[in-house]
Every structure is written in structure tokens, then in C-alpha cells.
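Undergrad: mind looking at a prediction? Sequence and model below.
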Amino acid sequence: MCKPKKLLSVITALICFFTVKADDNKKLLLSGFVSGMQTFTILDVDDEWLSDFNLHNRLDLLWTPNQNFTIEAGLRNRILTGNSISVNNAMAGIIGADQGIVDMSFNISTGKSYIINSTIDRLYVNYVINKFEVSLGRQRINWGISTAWNPNDVFNAYSFFDFDYIKRPGSDAVRLKYYPGNTSVIEFATAIDNRDRITSAIYSRFALFNADIQLLSGIYKSEDFIIGAGWSSYISGIGFKGEISSFIPYKNKADRDHIWVATLGTDYMFENSLALTAEIMYQSSIAELSFGNGILTARDIDVRSMSFSEISVFGSVSYPITPLLNTSVAAMYFPDLNGYFINPSAEYSITDDWYLSVIAQYFRGEIDNSKAEATMIFLRLKLNF
Amino acid sequence: MIRLVVLTILFTALSIFVSAQDAKQIIKKADEKWQGTSQYSEMKMEIIRPTWKRTVVFKGWGLGRDYSLTYVSAPAREKGQTFLKRKNEMWTWNPKIRRLIKLPPSMMSQGWMGSDFTNDDILKESSIVVDYNHKLIGRESINGIDCYKIELIPLEEASVVWGKIIKWISVDEFDQMKSEYYDEDDMLVKTDSAYDIKQMGDRKIPTRLEIIPADEEGHKTVVHIIKMQYGIKKDQSFFSQQNMKRIK
């Protein structure tokens, strides 16, 4: 997993980028953040708590040598320390694993209680020829519309619980885009993962009758045909949106079912910035629940089975108590587990670029007929640059 | 005698008509001078509160009142976020999660990124020329500059958030030196004042605007115009979802 030479050459290349015309901000943009996050994981309040501290840094580089050509690179550096690592020998393997075809996740150093990891999660070129665009390399392809679950987001499904990684891993992909109009796009994308599985789809998004509509069709992880649609619209300021995908197996048909996943959601923001969101998801296949590696869900989230229940319900309320202090509570209900998830959070803007967050995640439900609960508390200080 | 009365009535009617036309013309001239038919701008906005201050830097392209594209350059957390308006539809592009999100028209009246500015101010949904009846109600000096004082009452069918606006337009240069915005109950909501007239592109315009909400001690939003170019050569196809993701 540790490939210091390869890493060194990548870092050298990144440093070269920095020094080349670093003063010309039109051509070279550097952004990112540094954050420190303390996490407590509590399975039983009277039992031992797991305490972790993660130092997290992100460097995103956007280089535009000319108007039509861009290179984007994203480097995620983490120093993970604490009990979650010392109690779980598999952690280094999980952190060092890369979902893409090219392994660009490097464990620089590991010990009983720490892991130092650098991952290149973006590295792609984009070329524009008038209304055509080609991107090649590790990139994020986001076709989602809904808030909590995205049946149309076939390239890298989003885990709502993993709030500390909003950029998400990239896909190793080639993507072609054509913009037939000012508010429409037709895309074709093909990605390959670390198990040589191919996801390939054609996608179209367009504005019609004051709504945004999207359609997609292709193959998913070399096993299913996929057909999907989504929309987003507003009626009297109330948002209505939804996504639906159908997965039809063409390989291992005997073991795999034809699956439907659909979401329906609504949102509204009052004039005082109080925002409400509600969403419901139906899926005909259910995800395995795991409490592994300090995050309340499976890492490799599959669009075919994103939740733990046939029906899942999501609701959230967010309100800025002052312009500097934003608060929110999100909740999920999983009837099949007789369980629920509650996620209160508060974020305070200390200055333009420094943010302090307190976040809690509480889950309670029945797994294999026994009651289970878990609480995680996060305290994060973050500097954006 | 009757002829004289008729003549007087006619003359009075005519003068009212002329004054209404004049008021509209003055507003039109001021709006055209400030907006141009198309423009590119770079602005820094400071949101000032009694105990804190935040700064937002953005650039924008505009064509008439139907098309605009705005790029946020600071703060770091929002950098790269863009807003596209095409007629009555709006979208935002979040480069961090690479997602294009359709926005509701009701977002127009909300404070823009926490400021006293509204989306309507930035995205120019309503027009001070088309959506109002205008009346010249006097002449006053604002910071030593002779100004027309004009009252704007929204047309019934116009989708405007204000109940009334009073504008002070400079007589010589047609600059909007001061504006008072009232709600439907005739209560003052905010006051905009303009300062620092400088050459920007082909014309001289105020380059510092202060927006002060009524009844909120110590609150203000200051907009500094860093750059303004008029008559940029962009047609409506520039205001596209493709460019939303490309502009820097």
C-alpha cells in the first residue's frame, strides 16, 4: 500500500505546479482546508468511549494553461489517531484502499494507534471545443438531485453520514459532454473501479416547463442495466424533486433481483432563512448495516441499496440563529429496523475563513432482533483557504 | 373666461403628464447609465454588524435585466460558486460537490449571502423603469450634489417586494445618489447611499454604495465597485450552464 517513490513524484509534480506562475491567479488556483476533528464514539455510555483525533488537509489545484484546457488535481492528507484504529486492525487496510482502477491512496506511515494517509482523489484533464467537452482521469460525476439519497448518482453515491468528506472520492472515468442549448446537456461517461467493474451511461439534463428534467441509461458495475430519471421544480416557492432508477441484472441473474430505487422530496425556505426538507425513499433491496471504522455506514455505498429499510424517511430543519451561527437537525426513520437516526449540528463562523462545528449522530434500531444504539460526537475546527 | 379655465385645466393636465414623463425619463436615464445594456463588474461587499464583519468578493456579467452570471471569488468556502439567471429561472453551481441546483424564484427577495442586499438587487429581477409609476416630488441636495427627488410606486401587476421607493438622482450626471425603500405599510426598510464618483469604463459612476437597514443600529452593507465595464460583447448564449461551470 505504501509507495513512497510514487508519492514523492506526485508531490514533486504538485510543487512544480505551485511554482509555475503561482502569482498568476487566472491560470493557477489553489484552494483547500485544514481541519482538526475530535470524535467520541459511544456504544454504551457506561462502557469505554472511543476517542479519535483526525487532522485533515485538502489541497485542490486548478490549472488553466489556456481558455479551453484545464487540469484539476485534489490531494487529501489525513493523520488519523485514536481508539478506532487501535481496536480495529483492518483500519489501515480500509483507509489505504482505493475504489478506483489506479491505486492513489497511500498509507505513508501506520502504527498501532495512527495512520498517515495521502490520497489523490482528483486528477483529470478537461478540454473544451465549443459546445463539446472531454474529461479524462479521476473526477467526480454527480448526477444526483435529491438531498439524502440519490438513485441517479451512479458514479459515486453520496453517504449522508460522511459529512467530513463533501468532495467525495472521484471516479476513474472518461466523460464526454455536449451542450445543445444554454440550459441543457447530453453526457456520456464510462468509469472503471478497482475490481475492473465498468459503469457506463448516457445522460441528458434539460429545462422544460420551468422544471429541470434528467434521463439516464447504461450499465452499472458490469452487472446491471440501468435506466433512470429525475426532476426538480418549484411551485409557489416550494421545491419538488425526485429520482428513480431501475437496475436490471444481465449477469448472475439467478442471484440478483431486478431492483427499483426511488426518492420523492420537497423543500421550502422561509424569508427568515428557516429551511425545511423532507424526503422519502423506496428501495426493493436493503443495505447491510455496519458500525465499522467510526462511520455509521458502509464505505463503499452502492446505489442499488443505499439504506437499511425498504422505505426510508428523511427530514431536516435548518436555521441561522444569527448570520454567524447556523444550526440544523436532520433525522431519518427506518421502519424495517424499527429505528431512527438523529443528527443535530451547529456551525459557527469565527472569521471569514475559520469555522467551528459541533455535530452529533445518534442511531437506534433493531439489528438481528436485538436493540442497538450508537452515538458519535464530533468537534471540528476548520480553516478554508 | 371658460376658455381660460379650459386652457388652465389642459395646461395643468399637460404639466402633470410632462412631469410624470420627466420622472420616468430621469429614472430611465439613471437606470441606463448604471446598468448599461450589458456590463461586467467586480465588487467587494462588506457586511458590517456591531460586533463582526464579513467580506464577499464577486464578479458578474449582465445583459439587460434577463440575463446574469455571478461568480463568487471570496470567502474561500464559497469560492467558485456561480449563479445563473435566465429570464425567470435561476440555477447555482457548487464546484465542491459538482452539482447544478435549480433555485426557486422566491430566493430573489432573500438577503444575498447574509447581506442587506437581496438577490433581486444582484440578479435584477425587477426594473425600476418598467415596474413602477414615477412622480417628481422635488429637488434636494445630497452630499452637495443637486438631485431630483422621485417617488416610485409599483404597478399593481408587478412582482416587486417594495411598497414604495424614493430616489434622489443627480441633475447633472443622472447618478442614483440615494434611495429609500419602503414596505407595503409605508415603513422605511433600508436606505442606499452612493459615494466616491470615479471613472469606470466609459462613464463616471459612484463606486461605493452603503446600504443601511432601518431600525438596526450598527448594521450596514458596503459595496465597493472595483471594476465596471459597460457594453461588453456578450450575447445571451454566454449566460449558459456550460459557462457557469467554466468562468473563473
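TA: Arrived safely, thanks for sending.
Undergrad: hang on, isn't A:Trp49 packed against A:Phe40?
TA: Yes. A contact is recorded between A:Trp49 and A:Phe40 when judged using C-beta atoms under 8 Å, the distance being 5.2 Å. Just so you know, the C-beta spots here come from the backbone N, C-alpha and C atoms, and that holds for glycine as well.
Undergrad: now the longest strand seen in chain B: buried residues?
TA: Ranked by number of residues, the top strand in chain B under DSSP state E is strand B:188-200. Applying a neighbour-count criterion of 16 or more other C-beta atoms under 10 Å in any protein chain shown, the buried positions in strand B:188-200 are B:Val189, B:Lys190, B:Thr191, B:Asp192, B:Ser193, B:Ala194, B:Ile197, B:Met200.
Undergrad: any chance of these in CSV with pLDDT and distance to chain A as columns?
TA: Rendered in CSV, the data for the buried residues of strand B:188-200 read as follows (pLDDT from 0 to 100; distance: C-beta to the nearest C-beta, whole Å):
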residue, pLDDT, distance to chain A
B:Val189, 92, 13
B:Lys190, 92, 15
B:Thr191, 94, 20
B:Asp192, 93, 20
B:Ser193, 95, 22
B:Ala194, 94, 25
B:Ile197, 93, 29
B:Met200, 91, 21
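Undergrad: of all the residues you listed, which two lie farthest apart?
TA: Maximum pairwise distance in the buried residues of strand B:188-200, criterion C-beta to C-beta, is 28.0 Å, between B:Val189 and B:Met200.
Undergrad: just to be sure, A:Ile95 is in a strand?
TA: No. When DSSP: H, G, I helix; E, B strand; the rest coil is applied, A:Ile95 is found to be helix, with no strand at that position.
Undergrad: looking at it, it is touching A:Tyr114, isn't it?
TA: No. The pair A:Ile95 and A:Tyr114 fails to qualify as a contact (C-beta under 8 Å) at a distance of 10.7 Å.
Undergrad: looking at these two, which has the bigger crowd around it?
TA: Looking at A:Ile95 and A:Tyr114 with other C-beta atoms under 10 Å in any protein chain shown, you find the greater number of neighbours at A:Ile95, namely 20 against 16.
Undergrad: returning to what we had before: which other helices and strands contact the longest strand of chain B?
TA: With contacts defined as 3 or more C-beta pairs under 8 Å, 6 or more residues apart in numbering or on different chains; DSSP states H and E, strand B:188-200 has these neighbours: strand B:176-182, strand B:203-213, strand B:220-230.
Undergrad: out of those, which comes closest to B:Leu84?
TA: When these are compared for distance to B:Leu84 using C-beta to C-beta, the nearest one is strand B:220-230, at 19.7 Å.
Undergrad: dump whichever helix or strand comes after that closest one to PDB, restricted to CA.
TA: The helix or strand immediately downstream of strand B:220-230 is helix B:241-244, counting by DSSP states H and E. Coordinates of the C-alpha atoms in helix B:241-244 are reproduced here as PDB (Å, rounded to 0.1, in the frame of the first residue of the first chain):
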ATOM      1  CA  GLN B 241     -25.000  26.300 -17.800                       C
ATOM      2  CA  GLN B 242     -21.800  25.400 -19.600                       C
ATOM      3  CA  ASN B 243     -20.200  28.800 -18.800                       C
ATOM      4  CA  MET B 244     -21.500  28.700 -15.300                       C
END
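Undergrad: and the closest residue to chain B within the stretch 201-350 of chain A, how far is that from B:Ile47?
TA: For the stretch 201-350 of chain A, the residue closest to chain B is A:Gly237, as judged by C-beta to the nearest C-beta, at 3.5 Å. According to C-beta to C-beta, to the nearest Å, A:Gly237 stands 25 Å off from B:Ile47.
Undergrad: where does the stretch 201-350 of chain A have low pLDDT?
TA: A:287-301 (pLDDT under 70).
Undergrad: switch the cut-off to 80
TA: Along the stretch 201-350 of chain A, segments meeting pLDDT under 80 span A:286-302, A:305.
Undergrad: which bits of it sit near chain B?
TA: By the rule C-beta under 8 Å from any C-beta of the partner chain, the part of the stretch 201-350 of chain A lying against chain B is A:205, A:207, A:210-212, A:232-234, A:237-239, A:269, A:271, A:273, A:320, A:323-324, A:349.
Undergrad: ok, which stretches of chain B are helices?
TA: Listed in chain order, the helices of chain B (DSSP state H) span residues B:2-35, B:119-123, B:241-244.
Undergrad: chain A contacts on chain B?
TA: Of all the residues in chain B, those lying near chain A are B:47, B:49, B:52, B:54-55, B:74-77, B:79-80, B:86, B:88-89, B:91, B:96-102, B:104-107, B:109-111, B:114, B:236-237, B:239-242, B:246, B:248, going by C-beta under 8 Å from any C-beta.
Undergrad: among these, name the ones in strands.
TA: The strands in this structure, assigned by DSSP E, contain B:Ile47, B:Arg54, B:Thr55, B:Ala74, B:Arg86, B:Glu89, B:Trp91, B:Arg99, B:Leu100, B:Ile101, B:Lys102 from the residues of chain B next to chain A.
Undergrad: do I have it right that the first one meets B:Thr221?
TA: Yes. Here B:Ile47 lies in contact with B:Thr221, judged by C-beta under 8 Å, at a distance of 5.4 Å.
Undergrad: of these two, who's got more company?
TA: Under the neighbour definition other C-beta under 10 Å, B:Ile47 and B:Thr221 were set side by side, and B:Thr221 has more, 25 against 22.
Undergrad: quick one: that one and A:Pro323, what's the gap?
TA: B:Thr221 sits 11 Å away from A:Pro323, taking C-beta to C-beta as the criterion.
Undergrad: how much space separates A:Thr81 from chain B?
TA: Counting by C-beta to the nearest C-beta, to the nearest Å, the gap between A:Thr81 and chain B amounts to 26 Å.
Undergrad: burial count for that residue?
TA: A:Thr81 has 17 neighbouring residues, counting by other C-beta under 10 Å.
Undergrad: list the residues that contact it.
TA: A:Asp52, A:Phe53, A:Asn54, A:Ser113, A:Tyr114 (C-beta atoms under 8 Å, 6 or more residues apart in numbering or on different chains).
Undergrad: quick one: it is in a strand?
TA: Yes. Checked against three-state DSSP, A:Thr81 lies within a strand.
Undergrad: give me the pLDDT for it.
TA: Per-residue confidence (pLDDT) for A:Thr81: 96.
Undergrad: give the pairing partners of the helix or strand containing A:Ala331; include direction for each.
TA: Secondary structure from DSSP H and E places A:Ala331 in strand A:325-334. Strand A:325-334 has its sheet partners listed here by DSSP bridges as strand A:311-322 (antiparallel), strand A:339-349 (antiparallel).
Undergrad: could you identify the helix or strand that succeeds the last one?
TA: This means strand A:339-349. Scanning the chain past strand A:339-349 towards its C-terminal end, the next helix or strand to appear is strand A:354-367 (assignment: DSSP H and E).
Undergrad: how far out from the middle of the chain is that following strand?
TA: Distance of strand A:354-367 from its chain centroid, counting by C-alpha atoms, centre = their mean, to the nearest Å, is 17 Å.
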